[in-house]
Structure formats: C-alpha cells, structure tokens
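# here is the input, now give the coordinates:
(one chain, ligands or ions: 1)
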Amino acid sequence: MDTALENRLTELLGGKIDDAGDQDLYKAILSLVKEKIGDRPETVGNKKLYYISAEFLIGRQLGKNLLNLGIYSQVSEILKAHGKDLAAVEDREPEPSLGNGGLGRLAACFLDSIATLDLPGDGVGLRYHFGLFKQEFRDNCQYEIPDHWLEEPGILTKTNVTFPIIFGNMTVQSRMYDLDVVGFRKGHTKLHLFDIDSVDESLVKDGIQFDKTLIEKNLTLFLYPDDSDKDGQLLRIYQQYFMVSNAAQLIIQEQKELGHDLRKMAEHVAIQINDTHPSLVIPELIRLLILEGISFKEAAGIVTGVCGYTNHTILAEALEKWPMSYLNEVVPHLMPIIGGLDYAAVCAYHDNRNLNIIDDDGKVHMARMDMHYSHSVNGVAALHTKILKHQELRPFFEAYAEKFNNKTNGITFRRWLMHCNTELSGMITDLIGEDWMENAAELERLMYFHNDEGVLRHIDEIKQKKKEEAAKYILEKEGIEIDPSSVFCIHVKRMHEYKRQQMNALFIIYEYLNIKAGNYPVKPITVIFGGKAAPAYIMAKNVIHLILCLQNLVNSDPVVSKYLRVVMIQNYNIAKAEMIIPAADISEQISLASKEASGTGNMKFMLNGAVTLGTNDGANVEIRDLVGIENIYTFGRSSDDVINLYNTNGYHAIDFYNRSESIRRCVDFITSPELLSIGNEQMLRDLQDNLKNKDWFMTLLDLESYASAKETAVFDYQNRAKWTRMMLVNIARSGFFSSDRTILEYNRDIWHLR
Ligand SMILES: *Cc1c(COP(=O)(O)O)cnc(C)c1O
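Numbering: from 1, shown residues only. Predicted coordinates for the structure are as follows:
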C-alpha cells in the first residue's frame with residue numbers, strides 16, 4: 001500500500017480514515033486530486049484549440065481524475081484497508097449535468113482525449129447553476145425537478161478573469177471558472193465556464209419555471225431554458241452571445257499576452273464550433289478584430305481560417321435560425337457584421353437564395369453562417385456526412401466541396417470501460433497487456449482468442465456479474481425485481497420520436513399478447529429503458545407514459561412476468577449509464593435510418609460486449625462494417641428508402657396499420673381496457689392517434705422487421721458459444737470508436753495543433 005498517499009489523505013482529512021464518513025472522505029480526496037493536478041504542468045504549444053460548446057456533459061469527475069492521475073487503485077486499496085468503499089465515496093459527488101445527451105457527452109469525451117494526447121486545447125462553455133432537470137416518475141409520468149449541482153468546495157476554481165459583455169440594453173461583467181482536465185497519464189488542459197456574479201438562484205420557483213426576462217439574474221441559471229416562447233428564445237440568444245463573447249475576448253487576450261500578431265491568428269488559434277449554439281463567435285470575433293484596426297474583409301478571412309464547424313443533426317428543428325428582430329434587440333452591434341457577411345458571401349459569390357445567411361423572412365441561419373465562414377465543415381459519422389453532402393447541405397457542398405469532411409464520433413475508453421467495467425478492463429489487460437489503454441486499436445489483438453473457450457467463458461462470467469449488479473441496483477433504487485439470467489435488452493438515450501422508443505414499446509405489447517396467447521419467448525427477456533424527455537415535448541412524454549404503464553401491467557402479471565419484464569430507470573445520466581451499459585446483452589439502436597447522426601451510446605455498448613440490434617443508421621453502419629454482418633442484428637428500411645419516402649410523401653402509417661393484423665393489434669392495445677385502467681386516457685389516445693395518422697418517424701414501417709430481428713437475436717442468445725464469440729468480436733473491433741482516434745483525425749485534418 002502507498003503509505004505516503006495514505007498519510008497525505010489522513011492529513012487532508014484531519015482525522016482517521018476509519019472514523020470518516022463518505023462525505024468527509026469525498027472532500028479529502030477532492031483536495032488530494034487538486035494537489036496532484038497542481039503537480040502536473042499545463043499542456044502548451046504553438047497553436048491552441050478552443051472547443052466552444054453550449055454543453056459539456058462531463059459527469060462526475062472524482063473517479064475519472066483518480067484514474068487519469070494513476071492513483072485510482074491505490075486510493076481504493078487505502079480505503080478498503082480502513083473498511084471504506086471508494087465507489088460509495090464517488091457516489092457523494094453531485095453529477096454536473098451540463099448537457100442534454102450525446103452532443104454534450106461528446107464534448108466531454110473530446111476534452112479527455114485532447115488532454116490525454118497532450119494537445120493544447122481548452123473547452124469554453126457556461127457555468128449553468130442548474131443542469132438538466134432531475135427526472136422523477138409519479139403516476140406513470142415524468143416530473144422535472146431542478147438540479148442544483150454546484151457546491152463549495154467543488155470541482156470548479158473561481159478565477160479573477162472577467163470581461164465586459166455588451167448587450168443591446170446593458171453591459172454585464174462576466175467571471176471565468178475553471179475545471180482542470182487531466183489526461184490519462186499525461187496532459188492537463190482546462191474547461192473554462194463563464195458566469196456572472198449577479199445570478200439569483202431564488203428566481204427558481206415551482207419546478208423548473210422562472211422569470212425569463214430578468215437577464216442579469218437568470219442568464220446562466222439553466223441549461224437550455226424552455227424556448228417555446230419569445231422570452232425563452234431571447235434568453236437563449238443572450239446565453240449564446242455571452243458564451244462566445246467571452247470566448248472571443250479570452251482568445252484575443254491570450255494571443256496578446258503571447259505577443260502574437262492577431263493577423264496571424266490562424267497560425268496560433270483553432271476554434272471548433274460545436275453545433276450552431278456558438279455560431280455567433282464568427283461575427284463577434286470579426287467585430288473585435290475590427291476594433292483592433294483590422295479591416296472587415298481581412299477579419300472575415302482570418303476568422304474563416306480559424307473556425308471549424310461541426311454539424312450534429314439533420315433534424316430541421318435543431319438547425320437554429322433567429323429572427324433578425326431578436327438579434328437586433330440582444331446584439332445590435334453584431335447586425336451590421338452579419339449583414340456584411342451575408343452580402344459578401346452570397347451576393348458576391350453565389351447566386352442561390354438557399355445560401356443566404358439572412359433568408360427572405362428575415363431569419364438568420366446560424367449553420368449557413370458557419371459554412372460560409374469556417375474552413376472546415378464536418379459531419380459526425382460516415383453516413384451522416386454523406387447525407388449532409390448530397391441531401392441536406394447539398395448547395396453548400398457544391399459551393400465548398402473542399403471544406404466538407406467526416407469525423408466519426410468516439411468515446412473515451414477511460415470512462416466507458418476502465419472506470420465503469422474494471423472486470424472487463426482487467427481481463428483485457430491480462431490477455432493483451434495495457435497498451436490498449438493509450439492505443440485502442442490494440443484491442444484488435446483480442447481476436448487471437450476468438451476460439452478460446454476459457455476466454456469466452458470468462459467474458460460471459462463478467463457479463464453475468466455486471467447484470468447481477470445492475471439487477472441489485474434496480475431492485476434497490478427502482479423497486480423492480482428482474483432476473484439476471486434473462487436477456488437484457490437495453491434502450492437508454494434521450495426520449496425522442498426519431499430514436500423510436502415507441503417501437504420498442506410496441507414490441508413489448510407484441511410479446512405480451514404472444515405470451516397471453518400461449519406463445520412463449522425461447523428465453524425470458526428484460527427490456528430496460530432510460531431517458532429524459534424535453535419538458536415541452538408532449539409526444540416524448542406520452543411515450544414515457546406508455547412505457548411506465550406497460551412496466552406496471554407486464555411486471556404484475558403472474559404469467560407474463562415469468563417471460564418478460566419492463567423497467568424504465570429514473571433520471572438516466574452518466575452515473576446510471578456507467579452502471580447499466582456494462583450489463584447489456586443487446587444494445588438497442590433503432591432510430592429511423594438517416595435520423596441519428598452518429599450515436600455514441602452504441603459505441604459504449606459495443607465496447608462492453610453487447611451485441612447491437614439496430615438500423616443501418618449513424619455509426620451503426622460503421623459498427624456493422626467493423627464486426628461483420630454476422631456479429632450484429634440489423635433490420636429496417638435503408639436511409640435511401642427513408643429519404644425517398646420523405647421526398648415523395650410516400651409513407652402513410654395508416655396503410656401499415658390497415659394492412660397488418662399484427663401491427664393493428666399492437667397499436668390498438670395502447671387503448672385497451674388493460675392499459676386504460678392503469679394510465680391516462682388522453683395521453684394514450686394521443687399517442688395512438690399519432691402512430692396511426694402521423695408517425696413522422698415511421699415506426700410502423702419497421703415494426704415487423706424489428707420484432708423478427710429481435711426474436712432472432714434472443715434465439716441466438718441461447719447458443720452461448722456463438723454469442724460469447726460475438727461479444728468478443730464486438731469488443732475487439734471497437735478500438736476505432738475511441739475518441740482518441742477521433743481527436744487525432746480532427747487535429748490531422750482541421751486543427752493542426754503543435
Ligand atoms: C452517451 C450518452 C448519451 C448519448 O446516447 P445516444 O444513444 O448516442 O443517444 C446520452 N446520455 C448519456 C447520459 C450518455 O452517457
């Protein structure tokens with residue numbers, strides 16, 4: 001045991017480890033981590049990246065920091081020797097939910113990889129006082145509870161760095177807070193989160209409602225305040241401009257301190273614009289360069305050389321466009337610049353209205369500004385980038401083919417394997433050594449064992465252990481008993497119609513009706529959901545309602561529950577993901593083809609030895625190509641077919657409903673007496689009507705092929721030799737999805753950091 005470490009921990013604790021509670025231990029280890037981080041120099045270089053993002057879904061930091069500092073097992077042993085459990089101590093840390101889902105989690109994985117690769121690159125974002133709401137279920141419905149995650153002392157360091165931020169009707173003074181990002185074994189960068197001192201947390205009343213007009217008091221109160229009304233939209237523009245003006249001023253200040261010529265900014269600075277939320281950095285940086293005496297034209301050229309833009313979705317509602325009148329109110333000083341950019345880009349060079357930044361309705365299209373004034377435009381998976389080039393952003397691809405490139409997303413294996421599945425991680429190291437921790441491509445060497453019965457059995461035992469742990473957790477926290485020997489089909493992600501949790505719910509109905517009719521599945525199935533619905537997204541909430549009603553019905557039926565169980569985990573977040581993903585047998589990735597830009601959940605599951613049941617969408621396509629068609633279950637219409645159906649208005653849900661007896665029975669069951677006796681009639685009817693008459697994401701199109709693919713997977717699961725080999729192949733071929741690989745590609749093609 002490391003006695004020096006033990007002594008230091010005891011000193012920081014100010015008492016004996018044996019007598020300490022988990023909370024005291026948490027604070028002491030937090031201090032220990034800060035000390036160790038202080039010993040590690042910050043990564044510097046000749047060119048620096050600023051990764052600007054409205055979301056950083058960083059998750060708990062303590063365990064990850066201990067791991068990356070190389071003292072996780074030492075600290076764990078010390079605690080154990082005193083009868084304490086490090087996992088319980090980690091549990092004391094409030095989770096910083098500064099993001100919604102995949103996009104924010106990607107930013108966090110990227111920070112881990114940037115630091116680990118020892119690249120000079122910082123994150124820039126906002127210090128939201130309340131993260132994404134906490135989700136609770138009552139009466140089979142979602143309730144939203146404010147999530148106040150900040151505490152003192154906590155993971156953030158308050159700095160003296162402040163900037164004046166000018167809005168149309170006021171100027172506020174910002175303050176920068178820093179989070180240390182330590183890489184695995186080496187590297188140390190920062191996440192800068194900006195705030196103002198005048199935010200008033202007592203504004204939050206009645207759930208997550210608050211007065212949206214008091215900007216000085218509410219600016220950074222919430223991540224993504226509800227923007228269904230004008231005040232909400234204005235607040236978002238305030239937040240976005242606040243974020244990017246801080247970023248731009250920080251960049252200029254740092255460049256001046258380094259004595260760099262601002263005209264040569266592209267040699268020393270790279271900015272990555274993560275989705276359109278930070279797009280205003282383009283006119284803001286141009287404005288500041290003009291104040292430094294640089295001409296508009298030259299400034300626009302400099303900024304184009306600095307900025308890269310990442311597109312994350314083809315869903316139209318996510319491509320932000322703001323009314324000019326709103327921008328005029330919040331950031332009037334940017335309007336002449338945006339106008340000039342629009343004029344220069346479109347009128348001068350292109351004769352296509354679809355390229356205009358400002359459209360005929362007076363709306364400012366953020367993504368269009370990004371594409372004109374960035375030197376790189378990337379999608380996040382091969383299929384997604386292809387769709388951007390040839391469908392969604394086609395006119396831009398024709399104008400700027402050289403800017404377009406693909407960067408398939410990735411995840412950090414430190415959190416998504418080493419931290420969350422120490423058993424599997426340990427086994428891999430025993431088999432192939434530990435080089436894979438810094439070079440994930442090494443995992444391929446596991447293929448050598450693909451006929452080794454002992455190894456396959458061991459993988460199976462680890463999976464079984466993780467399933468038992470998950471079952472215990474679900475019993476304790478959700479009060480639902482599940483059978484660890486059943487097949488765990490896990491469907492965890494944000495609730496959205498395109499992700500098609502409703503299709504999985506219809507599958508549950510299909511199985512329920514089968515079992516009621518005496519047709520039992522070959523193996524008991526447990527379907528586990530988790531995910532939050534946006535507070536104003538009625539249909540997603542109706543789907544949650546249906547799932548919770550089914551959970552009720554299925555689990556309390558003495559016959560059905562022997563073959564089928566349903567669980568919807570409350571408040572799905574990073575900590576829950578780390579617990580549930582290692583327990584998956586089947587990874588449900590069933591989005592409507594063309595709609596999931598990449599997905600990163602799919603990668604986490606693969607890495608932990610789950611087999612994917614998915615559509616040919618997003619990164620599923622690349623998973624399929626890597627593992628081979630015999631190690632994945634794919635189903636459903638292709639993205640080409642789907643795009644064609646949209647273009648021709650060729651999909652009518654009601655035809656599928658009328659044509660197939662089995663589809664009809666499932667959809668009808670949503671308003672059966674059994675479910676109506678449990679649930680809310682209005683919600684269930686609305687959902688049913690939507691599925692029959694609208695079904696924008698084509699659930700009924702793929703339902704039958706989904707059910708049959710799932711049945712095949714469950715059948716194959718019985719063949720343990722076959723299944724465990726599939727698990728091994730999936731783990732061995734997952735190296736490509738390390739975010740280290742993704743970041744090396746960004747650096748090679750876009751950033752060129754040195
Ligand atoms: C990885 C992750 C996501 C993204 O999952 P997808 O399946 O790619 O949508 C969302 N939320 C959390 C908490 C995650 O860890």
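
# can you report how many residues lie near the residue of the stretch 401-550 of the chain found nearest the ligand?
Minimum separation of the stretch 401-550 of the chain from the ligand (C-beta to the nearest ligand atom) falls at Lys493, amounting to 3.5 Å. Every residue, glycine included, has its C-beta placed from N, CA and C. Summarising burial for Lys493: neighbours were counted as other C-beta atoms under 10 Å, giving 24.

# who touches it in this structure?
Shown in contact with Lys493 (C-beta atoms under 8 Å, 6 or more residues apart in numbering): 101-102, 499, 530-531, 572, 599, 601.

# now do the strands in the stretch 651-754 of the chain.
Per DSSP state E, counting those that start in this stretch, the stretch 651-754 of the chain carries no strands over any range.

# so which strand or helix has Ile490?
Secondary structure assignment for Ile490, by DSSP states H and E: strand 487-492.

# what about the helix or strand that that strand is followed by, near the ligand?
Using DSSP H and E, the next helix or strand after strand 487-492 towards the C-terminus is helix 501-516. No: using C-beta under 6 Å from any ligand atom, helix 501-516 stays clear of the ligand, with a minimum separation of 11.1 Å.

# what's helix 501-516 in contact with?
Identification of contacts with helix 501-516 by C-beta under 8 Å, 6+ apart yields 489, 491, 495, 520-521, 525, 527, 529, 531, 543, 546-547, 550, 553-554, 557, 559-560, 563-564, 566, 588, 590, 662, 665-667, 669-670, 687, 691, 699, 702-703, 706-707, 710.

# let me see the contact set for the nearest residue to Glu711 once chain neighbours are set aside.
In this structure, Glu711 finds its nearest non-sequential neighbour in Pro521, 7.5 Å apart by C-beta to C-beta, 6 or more residues apart in numbering. Going by C-beta under 8 Å, 6+ apart, Pro521 touches 511, 514-515, 563-564, 711, 714.

# what is the nearest of the residues you listed to Asn274?
Val714 (38.4 Å; C-beta to C-beta).

# that older thread, cross the contacts of helix 501-516 against helices and list the overlap.
543, 546-547, 550, 553-554, 662, 665-667, 669, 687, 691, 699, 702-703, 706-707, 710 (DSSP state H).

# just the helices from the stretch 201-350 of the chain, written as ranges.
Applying DSSP state H, counting those that start in this stretch to the stretch 201-350 of the chain gives helices spanning 215-218, 230-257, 265-268, 281-291, 296-306, 324-330, 335-342, 348-349.

# with mean pLDDT as extra columns, can I get those helices in TSV?
Conversion of the helices of the stretch 201-350 of the chain to TSV gives the following (pLDDT from 0 to 100):
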stretch	mean pLDDT
helix 215-218	92
helix 230-257	96
helix 265-268	98
helix 281-291	98
helix 296-306	98
helix 324-330	97
helix 335-342	97
helix 348-349	66
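
# and those helices: which comes nearest Phe184?
helix 230-257 (25.8 Å).

# what comes up buried for the closest one?
For helix 230-257, the neighbour count (16 or more other C-beta atoms under 10 Å) marks 231, 233-252, 255 as buried.

# got the angle between that helix and helix 296-306?
90 degrees (axes from the mean of the first three to the mean of the last three C-alpha atoms, to 10 degrees).

# what about Ala440, neighbour count?
For Ala440, using other C-beta under 10 Å, the count is 23.

# contacts only, for it.
413, 734-738, 740-741.

# identify the farthest-apart pair in those.
The distance between the two most remote of the contacts of Ala440 (C-beta to C-beta) is 12.5 Å, for Ser734 and Asp740.
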